[in-house]
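A.B. asks: Test case, fold it:
(chains A and B)
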Number of protein chains: 2
Amino acid sequence: MHALMMDRPLTLPSILEHAALYHGDTEVVTRTVEGPIHRYGYRDALIRAKRMAKALLALGVKPGDRVATLAWSTHRHFELYFAVTGIGAVLHTINPRLHDDQIVWVANHAEDSFLLFDISFAEQVATLAPRMTTVKAVVAMTDAAHAPAGVANYEDLLAAQNADFDWPELDERQASGLCYTSGTTGNPKGVLYGHRSTVIHALALALPDAFDLSARDTVLPCAQMYHANAWCTPYAAPLVGAKLVLPGRLLDGPSICELAVAEQATFLLGVPTIWVGVLDHLDKTGGKLTTVRNVAIGGSAPTASLIDRVEEKLGAQVRQIWGMTEMSPLGVINTGLSRHGGEDRAAATRRKLKQGRGLWGVDLRIVGEDGAELPRDGSSTGALQVRGPWTASAYFKQDGAAAFTDDGWFDTGDIATIDPEGYLRLTDRAKDVIKSGGEWISTLDLEDAVCSHPAVAMAAAIGVPHPKWDERPLLLVTLRSGQTVDPETLKAHVAERVAKWWTPDEVRIVETLPIGPTGKVLKRELRGAV
Amino acid sequence: MHALMMDRPLTLPSILEHAALYHGDTEVVTRTVEGPIHRYGYRDALIRAKRMAKALLALGVKPGDRVATLAWSTHRHFELYFAVTGIGAVLHTINPRLHDDQIVWVANHAEDSFLLFDISFAEQVATLAPRMTTVKAVVAMTDAAHAPAGVANYEDLLAAQNADFDWPELDERQASGLCYTSGTTGNPKGVLYGHRSTVIHALALALPDAFDLSARDTVLPCAQMYHANAWCTPYAAPLVGAKLVLPGRLLDGPSICELAVAEQATFLLGVPTIWVGVLDHLDKTGGKLTTVRNVAIGGSAPTASLIDRVEEKLGAQVRQIWGMTEMSPLGVINTGLSRHGGEDRAAATRRKLKQGRGLWGVDLRIVGEDGAELPRDGSSTGALQVRGPWTASAYFKQDGAAAFTDDGWFDTGDIATIDPEGYLRLTDRAKDVIKSGGEWISTLDLEDAVCSHPAVAMAAAIGVPHPKWDERPLLLVTLRSGQTVDPETLKAHVAERVAKWWTPDEVRIVETLPIGPTGKVLKRELRGAV
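C.D. replies: Have a look, this model is predicted:
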């Protein structure tokens, strides 16, 4: 028997339509690539998104077409989030930190029909666009004054259209976005988001136990809009009517602090390195961010000292989040339970070092090498697999099919434990695992242990071949500026904090660690170099 | 182009499965119909729901069957919320406050195959069940010790089954629940909820701008589970892992206060009369409810003094909600915007007297008598129509088709304004409207005006025929216990607060007002009696 409820499709334009109608004056504030701060309300954002939708149709964009961006977090990119998806096309947000060859590769793999780019990438696009075999035209996301000579610009295209436009009826299972994983091994793989998955994910993301977003919030995503859709906040913020602050190109400490103070941000998110920059700036200037309630930290795991410093300096609660491009990106997030109400600071920080707790909409399981599910006892360690309405069912063009199990789960490539309270703790990336004497050593635990030393900035543990134990850990660290420390001191510091046989045979201080396009250490390169 | 995201259906069992796995010890507490307090965790609730699902299948329940309950808010009713729906059957929650003939009528109209009932209704069921032509068997929702002689009981059925059960794969558009409107005019009409509509609604309901529910909350719904699914909280609470307190049969002030204090409730909801009882009890005893953060008041509009008293006495924020059985029930809810941060108490209360602000998922429009949409200017008054994924598209068996417009909206039967900030204000039920000299007089405003007098308990404004003006308002009021006041004083009190020509020709003090099965004044009866 069928329900008798309205069969309204869950589509992305409904989000901006809602924000324009009920939060028309609530601002989207952008630090533009050109320089000045731009601000308008959701009402005007909708008008411009509709005009751009018409401009894209006039350009010749067809439903299902992939339309690429090479762009920072700006209001124009925000408009494209709705203009492209709202006409049934697919927004392919290219990560500009990929190598040039990879940028060309993903554009060709996606068969992008158009490319819109920020002027920071003008020279790069001039070289790369001719190699993008399916791209019919490029558009500079700026006005005539700032556009490269001979290149169409966004503002002129938009000026040629009015806002008299009704979004076409869309199937909620239609593709809306395409985002390639950074691909630390092999070619990047494309995740093809849909309207339905994104809307349900945005709803879940705004819940009190996730990002806790209301119409009284100001959201400042310090993750770029090409990075898992800035963790979906450009959809979740208008859905609840929150003010949205887009930081453009600049994610350094001073730039973020300036925006956060000026716009009275209540919610920030970003990878750990962002907060190191923010804290260093606040330390130097004696500044404070007094309006922030919550800071979500993800992308890689924050250290205990980072969590403590962010909570002290920002007067905010830290919520660690673990997610993946393949999960839109929300996997788990670390919010407390009733029973944690009385925990002291040290206990709270210990809890917050776990990646987070499972929420409705993300099924989690850990499986052993035989594929059997392991107990949720906080110590059994296995391959983490996930399932849910905002998790990918396949990669674009069926790449990487081995990551999808026969019984419908996605194998994350992470190694994890789940404790009886439902908190997930990553112990490794499967490919980074160190296996010593037949047992796994957690590289994340080693890195965390050494990073708790005040002189240490970053760390990376890798396995090096060993005649007796197969592999033994080597710990590479960089120091905070102005700090010096003896490697043996660090080794002793680690030894106090981990099992004896986990203690690395060597701690080596290095000048820098190689960082990939999403801010993660490239261990593959380290393994080749040491 | 189809998205490549997992096509996981949004189904109700996924909610209880989640709660059992991640919040297994979080309690569902019930004041049982038999008397004692019952408590267990979601883990055990799932086990019992699965055993009951198997028991229902053993009884012969088939997918699509309507299974009726005549029951209060208890853990057994909670289990049926999942056991019945999880096997693809439809839970028909009959309102026991309907007249006997209406109870028989809805059971026959729904073609219920089974009836489960609380022992409070044992005598009634003995008389009525034989008149329910499709009901094959009745089950008392109790154990053998408390069940009427010769009647199957819930605990014995459950005891015969183990919990080794996998929920069948369900289509998310499958019907899950059936709830009849109280039908102050004509026969009751059935609303047929679905898995998808209920899950999306539960997600939206838990958002910070709606009920704001997290795993740290304790939800005490003071609306019965036959009343629009207790406003969907038996689904929203386990979805987020909140503790759930089910008050059984007793919604009087002392019973609610006792539960709220003992269980440390953080969120309460109910119709205005509930809070009158709660406040009277707190006044008498000098008690306090210190743990409550938010109180949602709906069903009918609270007065300014009720809002103020609840906020003062409970130290909680009042959120007025307007909803309908046809809307699962969330229509609008009154939470503030950033710009309301600095409002003083009087301004806050004035704002909170509006029914609330539109949220994503509920499209609202007001239309004039010609069907054209009216402006959102806070003064244009028209018929309120709604649309969204948790709004009914039709009534069961296509009754009342006139309420559904050709362009896909549901006509609520309410008359309302929407202000530029998006706040909805009901001015009347279409059928209660008083039209005097060709202009509408708001009965709700008149009732609100007289209820602001401290001596007044309840009020009802109705139109009485008038030779010159067609209709003129008559205001009927009941007084709070121990209070006396002169009708002319009340008339003067109203005159100070409304337009001169709205002032009723007569204010009449009466002993009681006729109350319908959902706690609303039956104006139809009043119009017949005066």
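
A.B. asks: got the contact list for the closest residue to A:Leu70 other than its chain neighbours?
C.D. replies: Spatial nearest neighbour of A:Leu70, excluding adjacent residues (CB to CB, 6 or more residues apart in numbering or on different chains): A:Phe117 at 4.2 Å. Where C-beta positions appear, they are placed from N, C-alpha and C, glycine not excepted. Applying CB atoms under 8 Å, 6 or more residues apart in numbering or on different chains, we find A:Phe117 in contact with A:Thr69, A:Leu70, A:Ala71, A:Val125, A:Val138, A:Val139, A:Ala140, A:Met141.

A.B. asks: so can I have TSV of the residues you listed showing neighbour count and distance to B:Pro420?
C.D. replies: Shown next, in TSV, are those (neighbours: other CB atoms under 10 Å in any protein chain shown; distance: CB to CB, whole Å):
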residue	neighbour count	distance to B:Pro420
A:Thr69	26	34
A:Leu70	25	39
A:Ala71	26	34
A:Val125	25	43
A:Val138	21	41
A:Val139	22	36
A:Ala140	22	37
A:Met141	28	32
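
A.B. asks: In helices, which of these appear?
C.D. replies: A:Val125 (DSSP state H).

A.B. asks: Closest one to chain B out of the contacts of A:Phe117, please.
C.D. replies: Sorting those by distance to chain B puts A:Thr69 at the head of the list, at 17.6 Å, by CB to the nearest CB.

A.B. asks: I'd guessed that closest one sits against A:Asn95; true?
C.D. replies: No: using CB atoms under 8 Å as the test, A:Thr69 is too far from A:Asn95 to be in contact (10.4 Å).

A.B. asks: Which neighbours do those two have in common?
C.D. replies: A:Tyr226.

A.B. asks: Could you list the residues of the stretch 301-450 of chain A in contact with chain B?
C.D. replies: The stretch 301-450 of chain A has residues A:328, A:335-338, A:341, A:357-360, A:387-396, A:408, A:410, A:421-422 near chain B, with proximity defined as CB under 8 Å from any CB of the partner chain.

A.B. asks: who's A:Gln174 bridged to?
C.D. replies: When assigned by DSSP bridges, A:Gln174 has beta-bridge partners B:His2.

A.B. asks: what about it, distance to A:Pro9?
C.D. replies: 9 Å (CB to CB, to the nearest Å).

A.B. asks: These two - which one has more neighbours?
C.D. replies: Neighbour count, other CB atoms under 10 Å in any protein chain shown: between A:Gln174 and A:Pro9, A:Gln174 has more, with 21 against 15.

A.B. asks: doesn't A:Tyr193 make contact with the more buried one?
C.D. replies: No: at 10.3 Å, A:Gln174 does not count as touching A:Tyr193 under the criterion of CB under 8 Å.

A.B. asks: Identify the contacts common to the two.
C.D. replies: B:Ala3.

A.B. asks: so where's chain A shaky on pLDDT?
C.D. replies: A:183-185, A:518-519 (pLDDT under 70).

A.B. asks: Report whether the top helix by length along it contacts chain B.
C.D. replies: If you go by DSSP H, chain A has its longest helix at helix A:42-59. No: Helix A:42-59 lies out of reach of chain B by CB under 8 Å from any CB, never closer than 11.1 Å.

A.B. asks: Please check the residues of the stretch 301-450 of chain A next to chain B and keep the buried ones.
C.D. replies: A:328, A:335-338, A:357-360, A:387-396, A:410, A:421-422 (16 or more other CB atoms under 10 Å in any protein chain shown).

A.B. asks: Return the subset of those residues lying in strands.
C.D. replies: In this view, those that belong to strands under DSSP state E are A:Arg357, A:Gly358, A:Arg387, A:Phe410.

A.B. asks: Pick out the most distant pair among those.
C.D. replies: A:Arg357 and A:Phe410 (19.2 Å; CB to CB).

A.B. asks: Do I have it right that A:Leu269 meets A:Ala228?
C.D. replies: No: using CB under 8 Å, A:Leu269 makes no contact with A:Ala228, being 10.8 Å away.

A.B. asks: out of the two, which sits in the more crowded spot?
C.D. replies: For the pair A:Leu269 and A:Ala228, the greater number of neighbours falls to A:Ala228 (26 against 22), based on other CB under 10 Å.

A.B. asks: all strands for the stretch 251-400 of chain A, in order.
C.D. replies: A:267-270, A:294-297, A:317-323, A:330-333, A:356-358, A:363-367, A:382-387 (DSSP state E, counting those that start in this stretch).

A.B. asks: if you compare the ones you listed, which one is most tucked away?
C.D. replies: For the strands of the stretch 251-400 of chain A, the largest average neighbour count (mean count of other CB atoms under 10 Å in any protein chain shown) is found in strand A:330-333, namely a mean of 28.

A.B. asks: So which elements touch it?
C.D. replies: Contacts defined by 3 or more CB pairs under 8 Å, 6 or more residues apart in numbering or on different chains; DSSP states H and E place strand A:330-333 against helix A:195-205, strand A:317-323, strand A:356-358, strand A:423-429.

A.B. asks: same thing but at 10 Å, please
C.D. replies: Applying 3 or more CB pairs under 10 Å, 6 or more residues apart in numbering or on different chains; DSSP states H and E, one finds that strand A:330-333 contacts helix A:195-205, strand A:317-323, strand A:356-358, strand A:382-387, strand A:410-418, strand A:423-429.

A.B. asks: quick one: strands adjacent to that strand?
C.D. replies: strand A:317-323 (antiparallel), strand A:356-358 (antiparallel).

A.B. asks: Include distance to B:Asp164 when you put those into a markdown table, please.
C.D. replies: Listed next are these as a markdown table, based on distance: least, CB to CB, whole Å:
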| stretch | distance to B:Asp164 |
| --- | --- |
| strand A:317-323 | 33 |
| strand A:356-358 | 24 |
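
A.B. asks: closest one to B:Thr181 among the ones you listed?
C.D. replies: If we rank the strands paired with strand A:330-333 by CB to CB, the stretch that ends up nearest is strand A:356-358, at 37.5 Å.

A.B. asks: picking up where we left off before, in CSV, list the strands of the stretch 251-400 of chain A along with distance to B:Val240.
C.D. replies: CSV is the format used below for the strands of the stretch 251-400 of chain A (distance: least, CB to CB, whole Å):
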stretch, distance to B:Val240
strand A:267-270, 19
strand A:294-297, 17
strand A:317-323, 15
strand A:330-333, 12
strand A:356-358, 11
strand A:363-367, 16
strand A:382-387, 19
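
A.B. asks: Appreciated, that's everything.
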